[in-house]
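> Give me a model of this one.
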Amino acid sequence: MSEGKVVLLQGNEACAEAAIRAGVRFFAGYPITPSTEIAETLALRLPQVGGKFVQMEDEIASMAAVIGASLAGVKSMTATSGPGFSLKQENLGYAALAEVPCVVVNVQRVGPSTGLPTCPAQGDVMQARWGTHGDHPTVVYCPSSVQEAYHFTIDAVNASETLRTPTILLMDEVIGHMREKMVIPEKVTILERPGPDVEPGEYRPYDVSRSDVPPMAAFGAGYRFHVTGLYHGEDGFPIDRGPKAAQLLARVCQKVERRRAQLASVWSESCDDCEVAVVAYGSPVRVALRAVRMARAQGIKAGLVKLGILWPFPEEAIRDLAGRVKAILVPEMNLGQIVIEVDRASKGQCRVEGLSRVDGELFTPPEVLEAVRRVAP
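Numbering: from 1, shown residues only. Okay, the predicted model is just below:
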């Protein structure tokens, strides 16, 4: 762990502090449990560092305000939970196609609809990937501790700025509300969006002649340009159907796909000789780790794989794992979302089983251990 200041923080508070550390200076949002502490913390902290906090009339307006602030050159973020995340989806698609950096935090609760407002769930995994319409790139970070909530928030801001795309921090209620010891590191890496290096009159907002991520000027900085949710040319103005339209969508998606390996965050324990691998993300990770250690004590060769990034999905790591084990167990607080991706990436090399819990309670180690016993050879 990096050297730094040891503190006791809640996951939502760690997220807010990390956003400020990453350079976020604008937040627009609408309160909704279990994410509200992020807005409360930033309402206090942003004015202290010269930033702006706006409570909007709803989640749709919040997402629009964040996009506008980002176009003005300010690192921007919003936070919500499941129902609010649904409302943001149209503008998320706009930001993806217009290539506007921004970070959306979703602290998941049990759904659908208003569901169980303060209970943990992981039911928005596929909404995070496919919630908006059309094909689009997606980068989704999923912390399993307060420490990771801090680091992944910074990573989400960095990725959003350098790739010119929206990124999502997908927490769950347990991580958002849990308080635990963490270290605020002395040094962190903060990255900035690529800016123009030409005169204003020569600026083309979607010029990809030198990189698949075009340079981005800020509104009001002297660079006049057009932004639209329509398919567009390098000057930002709409284009019609045809090869240029296909090329635009392919580039917007592939700029993330090309960096799949660079973005991947996979951690494992006891997997060198394991026969049963537990693949987990979010708050079930620490439960699964305890269950794996209990299984080892009972002579079962179990191991744990933790996914820190869900999208792009770490296909290569899972495919390699499936080739070395006899079974994979995927505990999720939903009816089975990532298990589908694990099964697809495994390509039939081993047995893949899901373990679901959707009653607003977190798994227990004995519950996961029993499932490990069932799938063990």
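> Show me what residue 5 is bridged to.
Listed beta-bridge partners, residue 5: residue 184 (assigned using DSSP bridges).
> which ones are touching it?
183-184, 186 (CB atoms under 8 Å, 6 or more residues apart in numbering). All C-beta atoms are positioned from the backbone trio N, CA, C, and that covers glycine.
> Among the residues you listed, find me the one that's closest to residue 117.
Proximity of the contacts of residue 5 to residue 117 was ranked by CB to CB; the top entry is residue 184 with 29.9 Å.
> quick one: the closest one and residue 80, what's the gap?
25 Å (CB to CB, to the nearest Å).
> The two: which is more packed in?
Legend: neighbour count by other CB atoms under 10 Å for residue 184 and residue 80, higher for residue 80 (25 against 17).
> residues touching the more buried one, list them.
The contact partners of residue 80, taken as CB under 8 Å, 6+ apart, are 29-30, 32, 35, 59, 62, 87-88, 104-107.
> now swap in residue 101 and tell me
Here residue 101 is in contact with 70, 75-76, 95, 160-161, 163-166, 193, 216 (criterion: CB under 8 Å, 6+ apart).
> Which secondary structure element is home to residue 66?
helix 59-71 (DSSP states H and E).
> then that helix to PDB, C-alphas only?
Output in PDB follows, covering the C-alpha atoms of helix 59-71 (Å, rounded to 0.1, in the frame of the first residue of the first chain):
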ATOM      1  CA  GLU A  59     -31.100  13.100 -12.700                       C
ATOM      2  CA  ILE A  60     -31.700  13.900 -16.400                       C
ATOM      3  CA  ALA A  61     -30.800  17.600 -15.800                       C
ATOM      4  CA  SER A  62     -27.800  16.500 -13.600                       C
ATOM      5  CA  MET A  63     -26.300  14.500 -16.500                       C
ATOM      6  CA  ALA A  64     -26.900  17.400 -18.900                       C
ATOM      7  CA  ALA A  65     -25.200  19.800 -16.600                       C
ATOM      8  CA  VAL A  66     -22.200  17.600 -16.200                       C
ATOM      9  CA  ILE A  67     -21.800  17.300 -19.900                       C
ATOM     10  CA  GLY A  68     -22.000  21.100 -20.300                       C
ATOM     11  CA  ALA A  69     -19.400  21.700 -17.600                       C
ATOM     12  CA  SER A  70     -17.100  19.200 -19.200                       C
ATOM     13  CA  LEU A  71     -17.400  20.900 -22.600                       C
END
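> which is the next helix or strand following it?
Remark: after helix 59-71, the chain's next helix or strand is strand 76-80, criterion DSSP H and E.
> Tell me how confident the model is about that following strand, as a mean pLDDT.
Here strand 76-80 scores 98 as its mean pLDDT.
> Taking helix 59-71 as reference, get the angle to that strand.
Relative orientation of strand 76-80 and helix 59-71, computed by axes from the mean of the first three to the mean of the last three CA atoms, to 10 degrees: 160 degrees.
> Figure out how far strand 76-80 is from the centre of its chain.
Centroid separation for strand 76-80 versus its chain: 12 Å, with CA atoms, centre = their mean, to the nearest Å.
> Give me the buried positions along it.
By 16 or more other CB atoms under 10 Å, the buried positions in strand 76-80 come out as 76-80.
> Take those and write them to a markdown table, including distance to residue 336.
Output for those, formatted as a markdown table (distance: CB to CB, whole Å):
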| residue | distance to residue 336 |
| --- | --- |
| 76 | 34 |
| 77 | 30 |
| 78 | 29 |
| 79 | 27 |
| 80 | 24 |
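> Out of these, which is nearest to residue 297?
Within the buried residues of strand 76-80, the smallest distance to residue 297 is 39.9 Å, found for residue 79 (CB to CB).
> Show me where the stretch 201-350 of the chain has its helices.
243-257, 260-263, 284-297, 315-322, 338-346 (DSSP state H, counting those that start in this stretch).
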